[in-house]
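Peer 1: turn this into a structure:
(one chain, ligands or ions: 1)
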Amino acid sequence: MRGATATPIREGTRLAHSQVRFDIKVQRSKAGVEIKLGGNMNEVAGVKLLQLLNEDGRDFAFELSEIDSINSLGVRAWIDFIRSFEDGRNLEFRACSPVFLSQMFLLDATIGKSKVRSILVRGVCAACEGETNKLLDIATAGKSLTVATLRGTCPSCRGVTNYVDDEGEILEFIEKQAQRLSKT
Ligand SMILES: [Zn+2]
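Peer 2: Numbering: from 1, shown residues only. As a prediction, the model looks like this:
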């Protein structure tokens, strides 16, 4: 990119190479199909997701821990994809990355009728500002979630790590998703 300031990505703008990495890995087992997605969720990812509409099977788990970024076109593409894909299939989402989670907070349509099994929350140490992620299982957290669940100890300096900016928002999200999981 030329110049010191970043240019916002507009529709029709050619994306830099670093912004087009998007991987799809499909693994089949007796339990169902696991689809691991990683990289940047944008319009390029949206086109690649459409290939999955040909996958046979009923039970699908999406592993989303390695989604690094999402732009508005990526969100739109994901919602369109989920609407078509969930027709006649059971979907669940696992280890939703912090960036993916922030979209789930904003838009219910990113989840659709699917179940969220686990989420990755990003923690920042109050002392050294070091970042760590923590995996929260929704069913477990839904049963006994306390503010202490959302705090931790920094692995580098032993300081207090806070896993959320807005505790109310995440508590509400976990409660809602745990209720959906219990309705099986
Ligand atoms: Zn620290």
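
Peer 1: list the buried residues for the longest strand along the chain?
Peer 2: Of all segments of type strand in the chain, defined using DSSP state E, the longest is strand 59-70. By neighbour count with 16 or more other Cβ atoms under 10 Å, strand 59-70 contains the buried residues 60-65, 67, 70. Quick note: C-beta positions are derived from backbone N, CA and C, even for glycine.

Peer 1: please identify the pairing partners of it and their relative orientation?
Peer 2: Note on strand 59-70: by DSSP bridges, its sheet partners are strand 32-41 (parallel), strand 90-94 (parallel).

Peer 1: which one among the buried residues of strand 59-70 gets closest to the ion?
Peer 2: Ser65 (22.4 Å; Cβ to the ion).

Peer 1: thought the closest one was touching Pro98?
Peer 2: No: using Cβ atoms under 8 Å, Ser65 is not in contact with Pro98; the gap is 9.7 Å.

Peer 1: residues that sit against both of the two, list them.
Peer 2: Jointly contacting Ser65 and Pro98 under the rule Cβ atoms under 8 Å, 6 or more residues apart in numbering are Leu120.

Peer 1: ok, back up a step: so which of the strands paired with strand 59-70 is nearest Phe105?
Peer 2: Closest to Phe105 of the strands paired with strand 59-70, according to Cβ to Cβ: strand 90-94, at 13.5 Å.

Peer 1: can you name the next helix or strand after the closest one?
Peer 2: Using DSSP states H and E, the helix or strand that follows strand 90-94 towards the C-terminus is helix 98-106.
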